[in-house]
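Visitor: Structure for the following, please:
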Amino acid sequence: MSRAKPICHGQCEKGFRRLTKDQPVGLKYIGIVLSVVKEVTDATGFVQELIVRASPLTEQNKPKAFVHWVSRPATAEVRLYDRL
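Guide: Predicted structure coming up:
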């Protein structure tokens, strides 16, 4: 799996609903909940790797957020036009 630049590290703003150390997420349409077990960082503190636990989705561990996972994204050009 590839990684992207992190959106937030440590304390996230209120209402942030993605995978963090304190907040698990579900994978949409798969029925799996991911929870962060450990963050592996380099010497500068940049997260290099996440160790996660995958568990089946149940009523007891239902997360607040579900995310889509795109392992092979398609390249596209989008042109947004609006009034001048």
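Visitor: use CA for all of it now, contacts and neighbours both
Guide: Will do.
Visitor: what ranges do the strands span in this structure?
Guide: Applying DSSP state E to the chain gives strands spanning 25-27, 32-41, 47-56, 66-67.
Visitor: gap between the first one and the chain center?
Guide: Okay, so that is strand 25-27. 8 Å (C-alpha atoms, centre = their mean, to the nearest Å).
Visitor: what's the answer for the last one, then?
Guide: With C-alpha atoms, centre = their mean as the basis, the distance from the averaged C-alpha position of strand 66-67 to the chain average is 8 Å.
Visitor: Nearest residue to the residue nearest the centre of the chain in space, ignoring adjacent ones along the chain?
Guide: For the chain, the residue nearest the mean C-alpha position is residue 19 (4.2 Å; C-alpha atoms, centre = their mean). In space, and not counting its chain neighbours, residue 19 is closest to residue 25: 5.5 Å by C-alpha to C-alpha, 6 or more residues apart in numbering.
Visitor: What number of residues are in the vicinity of residue 57?
Guide: Other residues near residue 57 come to 16 when the count uses other C-alpha atoms under 10 Å.
Visitor: swap that for residue 17, please
Guide: Neighbourhood size, residue 17 [other C-alpha under 10 Å]: 16.
Visitor: Next one: the closest residue to it other than its chain neighbours, what pLDDT does it get?
Guide: Spatial nearest neighbour of residue 17, excluding adjacent residues (C-alpha to C-alpha, 6+ apart): residue 65 at 5.5 Å. Model confidence at residue 65, given as pLDDT, is 91.
Visitor: wait, what's in contact with residue 65?
Guide: Each residue near residue 65 by C-alpha atoms under 8 Å, 6 or more residues apart in numbering is listed here: 17-18, 24-26.
Visitor: Let's see that with 7 Å instead.
Guide: Counting by C-alpha atoms under 7 Å, 6 or more residues apart in numbering, residue 65 makes contact with 17-18, 25-26.
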